[in-house]
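Trainee: Need a 3D model of the following:
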Amino acid sequence: MRFLIVSAYSYWGDFLPTDIDKGDRQIGGGETAMIQVAKNLVELGHEVFVFYDVKRPGKYAGVDYLPTSAFQSFACDLEHEVLVSWDLPQALRLRDRSKVHVVAFQLNDADIGVYDHAVDMYFHPSKWHAERFLRMYPEMTASKVRTRLTNGIDPYRYRKDVKRNPRRVIYSSSPDRGLHHLLRFWPRIRAEVSDAELHVFYDMDKWLGIETMLKNVGLKTPAGERASLVSEVREKGLDGVTFHGGIGQGQLAIEQLQSGVMVYPCDPLQPTEGFSMTCLEAITAGCSLITSDADALPELWADAPNTTLLPLPVDDNVWVDTIVKALVTERLAPVNLGVPHLWRSVARRWETEIVACIQSQSQ
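Mentor: Take a look at the predicted model:
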């Protein structure tokens, strides 16, 4: 089958698809999912075109990457079986040549509106995500919804012989989702475990730069107060805390493997975590994962090995006690999950769903 995939992404800029495997820059989860699904569909024997303004258009891992501006002419003139709109339902407004139209979601909001009639299937990262969208957008047809179809992981990133420091804590999600909590009670953790380390990985300059720009033009954002707190700690410093900035996924896997505990006090300002790559990475890396019960996290990770979900709102005493216990408790050997979210498995599910859809149309 021939796939055309077009996305709504732009935040992480004009990276190269190869940056996923060997780059040194941070790339978002939505972009990662789009690239990995496309790559694995090619490995399953399909032809895939992705329309995204990459740094240098061309063929990468068998996938043709073309400028977004070329999408309309390809969709309308090129024969193809599947059109995938990644977080961009309005791409389906065209008189395209596709047999199957899929909207694949990563984000937690979208303009569904009048496009439901043009959609054959909605792919969601979790049941929580799908149910929320059905409440928000009553025009969506529930029978078109499929879940757990847009997120996965590359286990080869974690097949490295790395020495683990059980006193090393890592945080590697968006800072507005709970880093301010961890920084607030970190001095209490250090008071209990003097050699504890906290390593924060995220492109802070990009995030804080946007918040500063909005503040300077008089716009108050929901994350503004959290940004101010994080910025202050980063500037003044805090014992045992190191801010590393954004890094490539290969190096991030090494940093996660070196860590004993992933602490993610997820407390989103609005519904946000429809999946959480942070949690899946922590589990795959063999870290003890301590996170909250926000959004889809209980559905997906409550029963994962070495995982503790704490209730919101954040209770500092409970979090400090739980983290300290994880840091001083003798660790068991990491559990081999077999990784249930392999990208190849996700791509095969795409293939199965799309073939079934085409067959139903011919009946």
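
Trainee: For the longest helix seen in the chain, which outside residues touch it?
Mentor: Scanning the chain for the helix with the most residues, using DSSP state H, yields helix 343-362. Contacts with helix 343-362, where a contact means Cβ atoms under 8 Å, 6 or more residues apart in numbering, come from 1, 36-37, 39-41, 43-44, 46, 81-82, 99-100, 102, 120-121, 123, 146, 149-154. C-betas here are computed from N, CA, C, even on glycine.

Trainee: Buried ones among those?
Mentor: Buried by 16 or more other Cβ atoms under 10 Å: 1, 36-37, 39-41, 46, 81-82, 99-100, 102, 120-121, 123, 146, 149-154, out of these.

Trainee: so of those residues, which ones are in strands?
Mentor: 82, 100, 102, 121, 123, 146 (DSSP state E).

Trainee: Beta-bridge partners for the fifth one, please?
Mentor: So the one you mean is residue 123. The partner list for residue 123 in beta bridges (DSSP bridges) reads residue 104, residue 146.

Trainee: Show me the strands in the stretch 201-350 of the chain, by range?
Mentor: Ranges of strands in the stretch 201-350 of the chain, per DSSP state E, counting those that start in this stretch, are 241-243, 259-264, 288-292, 307-310.

Trainee: can you give me the helices for this structure?
Mentor: In the chain, helices defined by DSSP H lie at 19-22, 29-43, 71-77, 127-136, 179-192, 204-216, 224-236, 249-258, 277-285, 297-301, 316-328, 343-362, listed in chain order.

Trainee: Now do the longest helix of the chain against strand 100-104: the angle between them, please.
Mentor: Angle, helix 343-362 to strand 100-104, by axes from the mean of the first three to the mean of the last three Cα atoms, to 10 degrees: 140 degrees.

Trainee: was I right about residue 197 contacting residue 170?
Mentor: No - Residue 197 lies out of contact with residue 170 (Cβ atoms under 8 Å); the separation is 9.0 Å.

Trainee: Tell me which of those two has more neighbours.
Mentor: Taking neighbours as other Cβ atoms under 10 Å, residue 197 and residue 170 compare with residue 170 leading, 26 against 19.

Trainee: Could you tell me the per-residue confidence at the more buried one?
Mentor: pLDDT recorded at residue 170 is 98.

Trainee: now it: how far from residue 329?
Mentor: Residue 170 is 17 Å from residue 329, where distance means Cβ to Cβ, to the nearest Å.

Trainee: Also residue 240?
Mentor: 19 Å.

Trainee: next one: phi and psi at residue 106?
Mentor: phi -120, psi -40 (degrees, to the nearest 10).

Trainee: Based on its surroundings, how many neighbours for it?
Mentor: Neighbours of residue 106 (other Cβ under 10 Å): 26.
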